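Q: Need a 3D model of the following:
(chains A and B)
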Amino acid sequence: MINSIPPAAIFIVGALFIPLLKGKLKSAYMLFLPILAFLNLFFTPEGIHWFFDFLGYQIILGRVDKLSIPFGYIFIVITFIAILYALQVKDDVQHMAGFFYAGSALGITFVGDFFSLFVFWEILAIASTFLIWSRRTPTSLQAGFRYILIHILGGLFLLAGIIIYVHNTGSIEFAHVGLEGGLSSYLILIGFALNAAIPPFHPWLVDAYPEATVTGAVFLSAFTTKSAVYILARTFAGAEVLIWCGAFMTVMPIFYALLENDIRRVLSYSLISQGGFMVTGIGIGTTLALNGTVSHAFCCIMYQALLFMSVGSVLYRTGKIKCTDLGGLYKTMPLSALFCIIGALSISAFPLFNGFVSKSMIVSAAAHENWPLPVIWFLLKLASAGVVFHAGIKVPYFTFFGEDSGLRTKEPPLNMLLAMAIASFLCIYLGLFPGLLYDILPYPVDYVPYTGDHVMAQLQLLIFGALAFTLMILSGVYPAELRAMNLDTDWFYRKGARAFLWILNNPMSRIGAVFSRVFFETIPGALSWLTKNPIEAALIVGDTILFIVLKITGFGQAAEVKERLLKQKAHYPSPLRYWQASKAISWVIVFLSFFLLMFYIWLIGNFGGQTGSGRLL
Amino acid sequence: MSKDLDRKVLTIFDSPVNRRRVRWILFGVCLLLLVLDFFVPKHGEFYWKKAPNFFAGYGFISCVSLIFIAKLLRKILKRDEGYYD
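A: The predicted structure follows:
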């Protein structure tokens, strides 16, 4: 295809020109880039594009097929919304990082080989780190470092897996991997699972996203986990282990989200929980499940972004983001509150909102009678009910309603409101007319979300969840929002790193100190003591041993030896005091005669037999 | 400035009467759903899905149990805000 360019290139090359522009032109340019990317993708036919040979391997930058197209569209749409939301930010680093980040996610979506996948994978990690660091607080700096380190670790797992995979198969084509490949499959799966935030590899997400900038968090909520979901769908569809991981992933974060105080952390946990539905769908691997996964990723990106934008506008205006600091903000931010409620209804999968038309596909796919799907079905329904609590009600309630915090502020700037309005519109539009979404799914859809029993089941689940919330708030059973944090699996590396440093600093450095003392002080000191008067030193050592032996065995004269020893030690070192010159010289003569004798013996031994002793001597 | 903002303030949920109304609407909707459930034709893979008001009970019970488990977990997992500093 001559007329189109790789979608990733539009964002990544386009981002380079952002610092050159100013004012309205810059805003227009940044909004134009996603539109251009959208049109470009729209006019790109399905097939393999932009491929070339590199070191004997085929690099494919554009595999446009039924699975990559929906992800391509939603990534472009959400970039437009997130950039619109971020227009008032006067920080080119953030804008460029946003475009690099979105561009690398698009790159991941369309590549057809493992080499380019890995390159985009690393750009994704690095670009997103800048969205965290851009907040420029000490906590965000630290969180960003932890984030990048964990992602580099994940990237190394992936790289190791890719190398073994390429070695075993001889192909770098990025296609179905499955778990049959042994070690390489597991390494690749760990690399992907880390980005998809599958527990126990999830804590980086709740650690880092809430520390990002107001606008950066919107970008972050969209790309890393969803591009990993896309990749898992392509490489590990039907892997049964993912069913269990996914079901656990939907339920586990609910408890944390219920207890968490920081609203953006609550949303991060709910993001993981929603990702669990997609991972389950990938594990089930049927056409309905995969359709559900893709459409749920599509919708989830939209409502998560909407939720992050609405609470982000609260953070933007008040500088506060904890449940304990907020409340009653609907009075001054009614539009933000409305958008937040729309996002909350969408994430709760309320009928007429987009979450309903996508999540129900995955849950229906789990509703088959083969083990373990009934168990999974119950867990997914549990998570569907739980989401009402932690995201559906908790987020809008404690932010905009609840106990009045006394904060009086105003709505965020127009562009932020507009971005939220577009996202809200899309959430409702897709909920009302799911056909638009169903048309671009990978497999033909014969699923009808709006049947009487689907709607009734979902309404009962949600409304009775809401009833439980109301009754528990009224009765005071609901756990109070506390200024506290809850331990998660990042404890192992955050405390583990400290324990490692402690081991280096304490036992290890003590062992080092002992070594240096023994080798640089004790042994040289003893040697220098010995050389001051070796004979007397030998006498002292001998007397010491004698004294110890006498003392232990209990024979007499120990006291005598001790007295002598004390006397000897007192004059030591007394360098050669008792020695007379004649004595010394006679010793020298003895030694020299000894050497002479040895020399003769050596001569006789070597040459005596051959030459005859008479001639030499 | 603050006066200006105060005039624009919405206070609809400040009055206890309105709060009570919201609550009663919720209770009413719950009751309505319980009744309507008998008139909805059901089909499905699991027999328990066809039980009347199954989802109402499951939604309520699961939410209550989630809260109680979360409260238990808080006892184990809760730390001070500056725990890692």
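
Q: Buried residues, stretch A:489-506. List them.
A: For stretch A:489-506, the neighbour count (16 or more other C-beta atoms under 10 Å in any protein chain shown) marks A:Asp490, A:Tyr493, A:Arg494 as buried. C-betas here are computed from N, CA, C, even on glycine.

Q: Closest to chain B out of those residues?
A: A:Arg494 (5.4 Å; C-beta to the nearest C-beta).

Q: Just give the nearest non-adjacent residue to the closest one, would you?
A: Distances taken as C-beta to C-beta, 6 or more residues apart in numbering or on different chains place B:Tyr84 nearest to A:Arg494, at 5.4 Å, with adjacent residues excluded.

Q: Helix, strand or coil: sort out the one you found for me.
A: What DSSP: H, G, I helix; E, B strand; the rest coil gives for B:Tyr84 is coil.

Q: Tell me how many other residues crowd it.
A: Using other C-beta atoms under 10 Å in any protein chain shown, B:Tyr84 is surrounded by 17 other residues.

Q: sorry, back to before: make CSV out of the buried residues of stretch A:489-506 and add secondary structure.
A: As requested, these are exported to CSV (three-state DSSP):
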residue, secondary structure
A:Asp490, coil
A:Tyr493, helix
A:Arg494, helix
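
Q: want to try CSV for those, with pLDDT as columns?
A: Supplementary listing: the buried residues of stretch A:489-506 in CSV, determined by pLDDT from 0 to 100:
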residue, pLDDT
A:Asp490, 89
A:Tyr493, 90
A:Arg494, 89
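
Q: Can you check what pLDDT the model gives the residue nearest to the spatial centre of chain B?
A: The centre of chain B sits closest to B:Cys63, judged by C-alpha atoms, centre = their mean, with a distance of 8.2 Å. For B:Cys63, the model assigns a pLDDT of 91.

Q: try the one 3 residues further on
A: Looking at B:Leu66, its pLDDT stands at 92.

Q: Spatially nearest residue to it, not counting backbone neighbours?
A: Nearest to B:Leu66 is A:Gly386, by C-beta to C-beta, 6+ apart, at 5.0 Å.

Q: Pretty sure that neighbour sits against A:Tyr256.
A: No - at 11.3 Å, A:Gly386 does not count as touching A:Tyr256 under the criterion of C-beta atoms under 8 Å.

Q: What are the structural domain limits within chain B?
A: For chain B, automatic domain parsing gives the domain ranges B:1-40, B:43-85.

Q: show me where pLDDT drops low in the chain?
A: Because you didn't say which chain, this covers chain A. Low-confidence segments of chain A (pLDDT under 70): A:1-3, A:369, A:574-581, A:608-617.

Q: not what I meant, chain B
A: Low-confidence segments of chain B (pLDDT under 70): B:1-9, B:45.

Q: related to what we said a few turns ago, how close does the residue nearest to B:Leu66 sit to A:Ile301?
A: 21 Å (C-beta to C-beta, to the nearest Å).

Q: swap in A:Pro6?
A: 21 Å.

Q: before we move on, what about A:Met598?
A: A:Met598 sits at a distance of 93 Å from A:Ile301 (criterion: C-beta to C-beta).

Q: host element of A:Gly275?
A: Element membership for A:Gly275, per DSSP states H and E: helix A:263-284.

Q: Now do that helix: which elements does it pack against?
A: helix A:203-208, helix A:216-235, helix A:240-259, helix A:287-318, helix A:354-366, helix A:373-387, helix A:394-400 (3 or more C-beta pairs under 8 Å, 6 or more residues apart in numbering or on different chains; DSSP states H and E).
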